[in-house]
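Q: Here's my sequence, what's the structure:
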Amino acid sequence: MNFDELKKILKEIGEPGFRYRQIKDAFCKQAVLRFDEIRIIPKKLAVDLEGKISPLSFSLEKIVSAKNKLSYKALFRLDDGHLIESVLISAISGTWSACLSSQVGCQLACRFCATGQNGFKRNLTSEEITDQVIFWKNFVKTNNLPGTFSHIVFMGMGEPFLNWTEVKAALYRIISPDYFDFGARHISVSTSGIATGIKELARDFPQVNLAFSLVFPDNKQRDEYMPVNRRFNLEDMRKAIEYYIEVTNRKVFLEYIMLAGVNDQRNHADKICDFIDSIENGAKLLHVNLISYNSTNAEFKSSDAKTVKNFLNFLQRNHISATIRKSLGEEIDGACGQLAGQAN
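A: Got it, this is the predicted structure:
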């Protein structure tokens with residue numbers, strides 16, 4: 001919903017100022033998806049608005065669900081024809097999280113990520129980002145899903161910090177009591193390694209969670225598999241994370257995708273320990289999430305369960321806070337690294 005345009009239209013047709021608040025609250029807080037569902041406004045106004053402004057900036061192409069009904073993936077067609085995907089998951093019973101996309105594709109081209117392998121088309125607008133929230137809020141309500149829609153993660157298609165102007169505008173509205181009123185601590189922004197973005201997040205949203213996709217704990221491998229490292233290497237990321245911790249005193253999550261025979265050996269675990277030890281307060285405020293690789297068209301395979309468990313045990317023996325993150329959505333190609341924005 002383009003709220004600025006809505007306000008302008010309501011003013012042009014002579015509606016009182018409180019109508020804007022009523023309609024805004026209906027979409028942001030009451031999970032309404034159509035004007036004629038807003039019972040508090042006149043029916044004629046609802047009809048007039050339907051012809052003047054679209055509630056969403058995209059149309060739903062299709063939606064798929066996992067058999068256990070704990071994850072859903074939506075394919076949206078934007079007004080210019082581009083496709084994006086967005087995911088709803090319930091990793092904790094009674095809690096739903098929306099995984100939002102911030103770009104059509106991604107220019108970082110990480111070799112293990114389906115999004116990056118499909119190239120970059122354009123940034124999403126703040127409206128296209130927040131409309132994903134409106135959609136999933138309505139989806140939870142209309143489908144009577146058990147639990148509460150209370151968490152948002154920027155871990156979908158795209159690198160959020162390479163679209164910071166629009167992501168920042170979206171975050172303001174997602175957090176604002178005047179709009180969606182989500183708790184800042186229930187929101188996470190994930191980056192593949194944009195050091196400057198981490199510093200901006202710390203300054204602009206010190207209560208929002210930060211996740212850094214470490215994946216490879218040395219520069220040589222990161223250069224090979226994650227080209228972003230040639231711009232911001234691990235020393236740059238170390239400094240940025242230290243800055244974030246200094247400003248926010250918040251925990252930082254290091255996302256580590258386990259790739260069989262590539263980054264799952266003892267020497268890799270050693271280097272993770274070294275990276276964390278190099279960061280002031282790192283042992284206290286850094287947490288490693290070990291994540292099974294979710295299959296894409298790339299050449300990688302996920303590490304087996306025994307290898308992941310041994311990796312975890314080594315980190316924990318070395319006083320590193322670490323867990324194996326529960327993975328949802330792989331069945332519907334909606335898990336970490338699988339979003340491709342394709343119709344088929």
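Q: okay, the nearest residue to residue 234 once chain neighbours are set aside: pLDDT?
A: Nearest non-adjacent residue to residue 234, counting by C-beta to C-beta, 6 or more residues apart in numbering: residue 219, 5.5 Å away. Where you see a C-beta, it was placed from the backbone N, CA and C, and this is true even at glycine. Model confidence at residue 219, expressed as pLDDT, equals 98.
Q: before we move on, what about residue 116?
A: 81.
Q: That one: how many residues sit nearby?
A: 26 (other C-beta atoms under 10 Å).
Q: For residue 29, give its distance to residue 134.
A: 10 Å (C-beta to C-beta, to the nearest Å).
Q: neighbour count winner among these two?
A: Between residue 29 and residue 134, residue 134 has the larger neighbour count (other C-beta under 10 Å), namely 20 against 14.
Q: wait, doesn't that one sit right on residue 27?
A: Yes: with contact defined as C-beta atoms under 8 Å, residue 134 and residue 27 form a contacting pair (5.7 Å).
Q: Residues in contact with both of these two, list them for me.
A: 1, 33, 55 (C-beta atoms under 8 Å, 6 or more residues apart in numbering).
Q: Of these, which is the nearest to residue 293?
A: residue 33 (35.4 Å; C-beta to C-beta).
Q: What does the pLDDT read for that closest one?
A: Value for residue 33, per-residue pLDDT: 96.
Q: Next: residue 343.
A: Reported pLDDT for residue 343: 51.
Q: who touches the longest helix seen in the chain?
A: The longest helix of the chain (DSSP state H) is helix 126-142. The contact list for helix 126-142, computed with C-beta under 8 Å, 6+ apart, reads 1-2, 27-28, 31-33, 55-58, 60, 63, 72, 74, 76, 78, 84, 86, 88, 96, 98, 100-102, 145, 147, 149, 152, 166-167, 169-170, 173-174, 179-180.
Q: Could you point out the helix or strand that follows that helix?
A: Using DSSP states H and E, the helix or strand that follows helix 126-142 in sequence is strand 148-154.
Q: elements contacting that following strand?
A: strand 95-99, helix 126-142, strand 187-191 (3 or more C-beta pairs under 8 Å, 6 or more residues apart in numbering; DSSP states H and E).
Q: now do 6 Å
A: Counting contacts by 3 or more C-beta pairs under 6 Å, 6 or more residues apart in numbering; DSSP states H and E, strand 148-154 is packed against strand 95-99, strand 187-191.
Q: what's the angle from the one helix or strand residue 72 maps to to strand 95-99?
A: Following DSSP H and E, the helix or strand that holds residue 72 is strand 71-78. Calculated by axes from the mean of the first three to the mean of the last three C-alpha atoms, to 10 degrees, strand 71-78 forms an angle of 40 degrees with strand 95-99.
Q: Partner strands of strand 71-78 and their direction?
A: The pairing partners recorded for strand 71-78 under DSSP bridges are strand 58-65 (antiparallel), strand 83-92 (antiparallel).
Q: for that strand, the distance to its chain's centre please.
A: 14 Å (C-alpha atoms, centre = their mean, to the nearest Å).
Q: Kindly report the same for stretch 159-168.
A: The answer for stretch 159-168 is 11 Å, by C-alpha atoms, centre = their mean.
Q: try stretch 250-268
A: The answer for stretch 250-268 is 20 Å, by C-alpha atoms, centre = their mean.
Q: what's in contact with it?
A: Contacting residues not belonging to stretch 250-268 are listed as 210-217, 241, 285-291, 293, 300-301, 303, 307-308, 311 [C-beta atoms under 6 Å, 6 or more residues apart in numbering].
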